[in-house]
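Asker: Quick one, structure for this:
(2 chains)
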Amino acid sequence: MSWPPAIAGLLVLALWQGAVWATGVPAYLVPGPIAIVKAFLAAPGFLLLSLASTLVVTFTALAVSTVLGVSLAIAITASRWARAAIEPWAVALQVTPIVAIAPLIIAWVGEPFAALVACATIVAFFPIFSSTAIGLASPPPELLDLFRLNGASRWATLRLLRLPAALPYFLAGLRISGGLALVGAVVAEFVAGAGGFASGLAYRILESGYRLQIPRMFAALVLLSLAGIAINAALAALGRLLLRHRGEA
Amino acid sequence: MTLLSIESVARRFPNGTEALRDASLSVAEGDFVALLGPSGCGKSTLLRLIAGLDAPDAGALHWQGGPPGPGEIGFVFQDATLLPWATAEENVWLPLRLRGIARAEAQPEIRAALARVGLQGFEGARPRELSGGMRMRVSLARALVGRPRVLLMDEPFAALDEFTRHNLQDDLLALWRDTGSTIVFVTHSIYEAAFLARRIVVMTPRPGRIATEIASPLPPQPATRFTPEYGALVAEVTAVLRRSMS
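Answerer: Residues are numbered from 1 along each chain as shown, chains lettered A, B, ... in the order given. Predicted coordinates:
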């Protein structure tokens, strides 16, 4: 963390607070930063529990996306038939607006947690899948020749060449998917929350909106942003750790 | 004794390029052959045919004692093409590993191969910690470790600076003298072919074919570089190459 973003952020917060004071706009329209912090401190456990619930959905979806994305990427790398069969559906899933199909998924799946995870997975799956597939195809032809010359099986080529070569690509995809899983989880919670399923930060946002507790709504949004930034930073750190020895060869 | 005889092989790629026409060549055990020619003359194609990475459309390759099996061809590419995530030792282990030889068992061979290319003490180094020349040495050790029947090299030193290239050429020559390996070496450098090879096979492009063959009378040692005989051989090869191009 460097200073410029912190200073810029503080400056914006100060201007925001100053503008709220100066114009006297009521907190149920635009709350100032101080009101938002106060709303959080009034019931911190309440919001943090909801955040935890959203994060459980997010990380479960990220884990499912990793397993699905990597296995399907291996499948399309191994077989032309599998590529033709899988790729169009993966793209179709990627371009389907989750808001449109979330109500259906929630109705079909029934069990709320599984439904939320399913929605978040649909959003988060694609970057992991497509970047891992590109990574599996990334080894230079010379290295593939070398494996051939030494009689390597497809399994050995996958394990010793394609998978390690795909790691940086997978990690780049995972970092994008991390943010998307959070967005997917929140969108699904919105839909589910509107249907009365009370859990997660999105439900708190909805509920605070209904009750005109706008500072609390903002507090929930701020928590969501912080969670997104933390997930991104954590996945970036994971990438640096796993790739610390890599370089050009 | 003849290790490999290539009998009028031809290769035309699906895009219509005639990469090789009626090419014949024999390689004796312990030979050091340079395939020399400008780009597009089919020298790399011929090397891939020898490696078994590609098959000829016509003609045949006859190996003394049958075609080579897995691991019996050592191949060095233009780039070092090491596994960037693996140490020098792990990279050299690779050909043995693919044949199911455990690391502990392979260790003496790996150490010996790295020592032979002057890299003792660098077993744990990763490619990014090594210079271009050292990476190429690891690549050479990887090609040697399985004691291949023939060592195929595809312009291996073309991307290196001149100083590093000279060092590697000297060391390759010493290695060839000491081990008696059979080497087929592709290059577009007349100087390199004249310095290294015992036989210089001159190739011409479109279609790729073998123009002629020149035997080198020079002693295989670093001092050769500075002799008038070396200059004379370079001049002779240059003249032959010019004649066959026109």
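Asker: looking at this, B:P70 is in a strand?
Answerer: No. When DSSP: H, G, I helix; E, B strand; the rest coil is applied, B:P70 is found to be coil, with no strand at that position.
Asker: tell me the domain ranges of chain B?
Answerer: B:12-68+B:149-246, B:82-147 (automatic domain parsing).
Asker: and chain A, which of these is closest to it?
Answerer: Chain A lies closest to domain B:82-147 among the domains of chain B, at 2.3 Å (C-beta to the nearest C-beta). In short, each C-beta sits where N, CA and C put it, glycine included.
Asker: quick one: contacts for B:M134?
Answerer: With C-beta atoms under 8 Å, 6 or more residues apart in numbering or on different chains as the criterion, the residues that contact B:M134 are B:119, B:122, B:125.
Asker: Could you measure from the last one over to B:E29?
Answerer: Per C-beta to C-beta, to the nearest Å, B:A125 is found 34 Å from B:E29.
Asker: Those two: who's more crowded?
Answerer: Comparing B:A125 with B:E29 by other C-beta atoms under 10 Å in any protein chain shown, the one with more neighbours is B:A125, at 17 against 14.
Asker: Run through the residues that contact the nearest residue to that one once chain neighbours are set aside.
Answerer: Once flanking residues are discounted, B:A125 sits nearest to B:A88: 5.1 Å by C-beta to C-beta, 6 or more residues apart in numbering or on different chains. B:A88 makes contacts with B:114, B:119, B:122-127, B:130, B:138, B:141, as judged by C-beta under 8 Å, 6+ apart.
Asker: go on, A:V117?
Answerer: Counting by C-beta under 8 Å, 6+ apart, A:V117 has contacts A:57, A:60-61, A:64.
Asker: follow-up on the earlier one: give me whichever of the domains of chain B is most buried.
Answerer: domain B:82-147 (a mean of 19; mean count of other C-beta atoms under 10 Å in any protein chain shown).
Asker: For it, give the distance from the opening residue to the closing one.
Answerer: End-to-end distance for domain B:82-147, by C-alpha to C-alpha, to the nearest Å: 19 Å.
Asker: ok now do B:H166, which residues does it touch?
Answerer: By C-beta under 8 Å, 6+ apart, the contact list for B:H166 reads B:R225.
Asker: Check whether the residue nearest the centre of chain B sits in a helix, strand or coil.
Answerer: Centroid check for chain B by C-alpha atoms, centre = their mean gives B:M153 as the closest residue, at 2.0 Å. Using three-state DSSP, the structure places B:M153 in strand.
Asker: Test for you: state the pLDDT assigned to it.
Answerer: Per-residue confidence (pLDDT) for B:M153: 97.
Asker: from what I can see it touches B:I73, true?
Answerer: No. Between B:M153 and B:I73 there is no contact under C-beta atoms under 8 Å: 11.3 Å.
Asker: can you list the weak-confidence ranges in chain B?
Answerer: Chain B contains no residues with pLDDT under 70.
Asker: for chain A, what are the nearby residues on it?
Answerer: Within chain B, the positions near chain A by C-beta under 8 Å from any C-beta of the partner chain are B:51-53, B:69-71, B:73, B:75, B:77, B:79-85, B:94-95, B:97-99, B:126-129, B:135, B:146.
Asker: Please list which of the contacts of A:V117 also come close to chain B.
Answerer: Of the contacts of A:V117, not one also sits near chain B (C-beta under 8 Å from any C-beta).
Asker: export these to JSON lines and tack on neighbour count?
Answerer: JSON lines is the format used below for the contacts of A:V117 (neighbours: other C-beta atoms under 10 Å in any protein chain shown):
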{"residue": "A:V57", "neighbour count": "28"}
{"residue": "A:T60", "neighbour count": "18"}
{"residue": "A:A61", "neighbour count": "28"}
{"residue": "A:V64", "neighbour count": "17"}
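Asker: quick one: which of those residues sit in helices?
Answerer: Counting by DSSP state H, these place A:57, A:60-61, A:64 in helices.
Asker: Which single one of the contacts of B:A88 is nearest to A:A137?
Answerer: Checking the contacts of B:A88 against A:A137 by C-beta to C-beta gives B:P127 as the nearest, at 21.0 Å.
Asker: My understanding was that that closest one contacts B:V138; is that so?
Answerer: Yes. Applying C-beta under 8 Å, one finds B:P127 in contact with B:V138, separated by 7.4 Å.
Asker: Need the outlier residue of chain A, farthest from its centre.
Answerer: Most peripheral residue of chain A (C-alpha atoms, centre = their mean): A:L149, 41.7 Å.
Asker: mind listing what it touches?
Answerer: Applying C-beta under 8 Å, 6+ apart, the residues near A:L149 are B:51-53, B:70-71, B:73, B:75.
Asker: Mind listing what's buried along the helix or strand harbouring A:R216?
Answerer: Take DSSP states H and E as the rule and A:R216 turns out to sit in helix A:214-242. Within helix A:214-242, the residues scored as buried using 16 or more other C-beta atoms under 10 Å in any protein chain shown are A:214-224, A:227-228, A:231, A:235, A:239.
Asker: same check, this time on stretch A:156-172
Answerer: For stretch A:156-172, the buried set under the neighbour-count rule, 16+ other C-beta under 10 Å, comprises A:157-158, A:160-172.
Asker: Also stretch A:106-125?
Answerer: A:106, A:112, A:115-125.
Asker: does B:P148 count as helix, strand or coil?
Answerer: Following three-state DSSP, the label given to B:P148 is coil.
Asker: Phi, psi for the nearest residue to it once chain neighbours are set aside please.
Answerer: Using C-beta to C-beta, 6+ apart and skipping the chain neighbours, the partner closest in space to B:P148 is B:G74 (3.5 Å). When read as degrees, to the nearest 10, the backbone of B:G74 gives phi -100, psi 130.
Asker: Could you pull up the residues touching B:G74?
Answerer: B:143-144, B:146, B:148, B:150-152.
Asker: can we see that at 6 Å?
Answerer: Taking C-beta atoms under 6 Å, 6 or more residues apart in numbering or on different chains as the contact definition, B:G74 lies against B:143, B:148, B:151.
Asker: With A:F170 instead?
Answerer: Contacts here follow C-beta under 6 Å, 6+ apart; on that basis A:F170 touches A:132, A:135.
Asker: Just give me how far the strand or helix carrying it sits from the chain centre.
Answerer: For A:F170, the element it lies in under DSSP H and E is helix A:163-194. From the chain centre to the centre of helix A:163-194 is a distance of 3 Å (C-alpha atoms, centre = their mean, to the nearest Å).
Asker: So what angle separates the directions of that helix and helix A:214-242?
Answerer: Helix A:163-194 runs at 170 degrees relative to helix A:214-242, counting by axes from the mean of the first three to the mean of the last three C-alpha atoms, to 10 degrees.
Asker: what distance separates the start and the end of stretch B:76-85?
Answerer: For stretch B:76-85, the end-to-end distance is 19 Å (C-alpha to C-alpha).
Asker: Before I go, just wanted to say thanks for your time.
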